[in-house]
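S.K.: Need a 3D model of the sequence below.
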Amino acid sequence: MSARQQELAAVVAEARQALTADAGRLWRLDVQEPRWILADGDVWWLSESLTGATTDGLVPIRADPAMFAADTAISWQERIWAMVDCGEGFPTPRRLLHEAFHAFWQFEGWKDDEPIEAGEPILDTADGRTLLIIELRAWASALESGDPREAAAAATIRAHRRRNTSAAELRRQDHLDVWEGLAEYSSWRWTRARRAEVVALARRGAEGESWSRSFCYTTGPVLGYALDRFVSRGLDWRSRLLRKHPLQSLLDDVLGGEVTAAQPMLDQFGFTEVLRTERASEQRRAAHDQAVRNRFAMALWVRLRGAIRFRPTESQQWELGTFYRTLHTRSPELVVDAHEGALVTGDWAWVGLPCPVRPLQDSRTLDGPGWTLAWTELPQSTFWGPAPPTPDSADDADRPLS
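M.R.: This next block holds a predicted model:
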């Protein structure tokens, strides 16, 4: 066994031990043996052989060229797997468990029947970022002290922040707090992260240049640990979530929060100073953001299909959907590699690539600023324009590619 294989196998063993120690208590679910793929360049390390036998080590195989490496849950070889991309940094048990949660314990009842609306980029504005920072500071203080009055103050600041957010954006944030946030919370609990670690996480704030997509990897553990600490032992909040009780309603029921009393609490956690800092940062970001948006004034719109890979900490909420700094999507018919930005519509139906477009010599590849598109079958649903066609306007859409 190579040194690399030994190192990765040790991480998998630690993740397995964490689940064994929990014995299904966290979510009161049957413990099952998860399957992991550790994507390591041209090699995939499998925690289970292709015959289905669990192994103490890892089984190396050649990477499937039809699949992207990513931190995600995938269906492959007629089985569900949790994949972790070693190219994004050496795997940790927490990363393995986060993706295992998605693959094996993500509850079907949490899925939305309708696509999540695009919302608005409030978490990339000075006001929105400031209120989130203050809310997280308040939760950190409450978790550290254990004082229910401080928890109620944090809930009040959260209520104030939510009152200044549109209904569509609240729905998007609530979805991510459950769909991604609770997977992250579970990985922290399974690895027995101490409360002091969560306090430090809250005080660091959300990660990445844009917080529209990354915020939930902070709020998930913070809210989960807050509920663990302040919910009375007679109330099993996780069981209520399993019955589709909304997370925000659960926080309201347990901790309350009076919006009209928020201002003194905001000042207590440095609201004015944080807002001044964030507004200065916003001015610096504005010119760069506008330059990026201008690149999409005319775009090539392609139907989104197949596996997709992106970095949630390098994304930004726009009116049409989500801008991803890097995005790769692959299907048997189409491969898109965007290294300098792509725009995905809120319903995940279209991906936009900035013009101009240059056909390459092989006639099956298009090249644009920071991206390439290659196909084995010429896509029919592909259009030029400032926005993708709507169902009502598809017949009149700007210049189909074919």
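
S.K.: got any ranges where the stretch 251-400 of the chain has weak pLDDT?
M.R.: Across the stretch 251-400 of the chain, the ranges flagged by pLDDT under 70 are 257-260, 359-363, 377-381, 391-400.

S.K.: quick one: the helices in it?
M.R.: For the stretch 251-400 of the chain, applying DSSP state H, counting those that start in this stretch gives helices covering 262-268, 271-294.

S.K.: Need the winner for burial among those.
M.R.: Across the helices of the stretch 251-400 of the chain, averaging neighbours per residue (mean count of other C-beta atoms under 10 Å) puts helix 262-268 on top, at a mean of 16. Every C-beta, even on glycine, is put in place using the N, C-alpha and C of the backbone.

S.K.: Please name every helix or strand in contact with it.
M.R.: Where contact means 3 or more C-beta pairs under 8 Å, 6 or more residues apart in numbering; DSSP states H and E, helix 262-268 is packed against helix 126-145, helix 148-163.

S.K.: In the helix or strand hosting Ala82, which residues are buried?
M.R.: Per DSSP states H and E: Ala82 is located in strand 79-85. Within strand 79-85, the residues scored as buried using 16 or more other C-beta atoms under 10 Å are Trp81, Ala82, Met83, Val84, Asp85.

S.K.: Put the alpha carbons of it into CSV.
M.R.: Output in CSV follows, covering the C-alpha atoms of strand 79-85 (Å, rounded to 0.1, in the frame of the first residue of the first chain):
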residue,chain,number,x,y,z
ARG,A,79,-24.9,2.6,-6.7
ILE,A,80,-25.0,5.8,-4.7
TRP,A,81,-21.6,7.2,-3.7
ALA,A,82,-20.3,10.2,-1.7
MET,A,83,-17.4,11.7,-3.7
VAL,A,84,-14.7,14.0,-2.4
ASP,A,85,-12.3,15.8,-4.7
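
S.K.: Give the partner strands of it in its sheet and their orientations.
M.R.: Strand pairing for strand 79-85, using DSSP bridges, gives strand 36-40 (parallel), strand 72-76 (antiparallel).

S.K.: and which of the buried residues of strand 79-85 is nearest to His175?
M.R.: Checking the buried residues of strand 79-85 against His175 by C-beta to C-beta gives Ala82 as the nearest, at 20.8 Å.

S.K.: Tell me the predicted confidence for the nearest residue to Arg192 once chain neighbours are set aside.
M.R.: In this structure, Arg192 finds its nearest non-sequential neighbour in Ala18, 7.3 Å apart by C-beta to C-beta, 6 or more residues apart in numbering. The confidence metric pLDDT takes the value 95 at Ala18.

S.K.: Run a quick check on Ala18 versus Arg189, I expect a contact.
M.R.: No - using C-beta atoms under 8 Å, Ala18 makes no contact with Arg189, being 9.2 Å away.

S.K.: Phi first, then psi, for the nearest residue to Ala206 once chain neighbours are set aside.
M.R.: Closest residue to Ala206 apart from its sequence neighbours, by C-beta to C-beta, 6+ apart: Phe215 at 4.5 Å. Phi and psi for Phe215, reported as degrees, to the nearest 10, are phi -60, psi -40.

S.K.: cool, Glu33 as well?
M.R.: Residue torsions, per degrees, to the nearest 10, at Glu33 are phi -80, psi 110.

S.K.: could you measure Trp301 against Asp124, distance?
M.R.: According to C-beta to C-beta, to the nearest Å, Trp301 and Asp124 sit 23 Å apart.

S.K.: So which of the two has more stuff around it?
M.R.: Neighbour count, other C-beta atoms under 10 Å: between Trp301 and Asp124, Trp301 has more, with 24 against 19.

S.K.: and the residue lying closest to that one once chain neighbours are set aside, how many residues sit next to it?
M.R.: The shortest distance from Trp301 to any non-neighbouring residue, by C-beta to C-beta, 6+ apart, is to Pro388 (4.2 Å). Residues within reach of Pro388, counting by other C-beta under 10 Å, total 26.

S.K.: and Ser315, which of the helices of the stretch 251-400 of the chain is closest to it?
M.R.: Closest to Ser315 of the helices of the stretch 251-400 of the chain is helix 271-294 (C-beta to C-beta; 12.1 Å).
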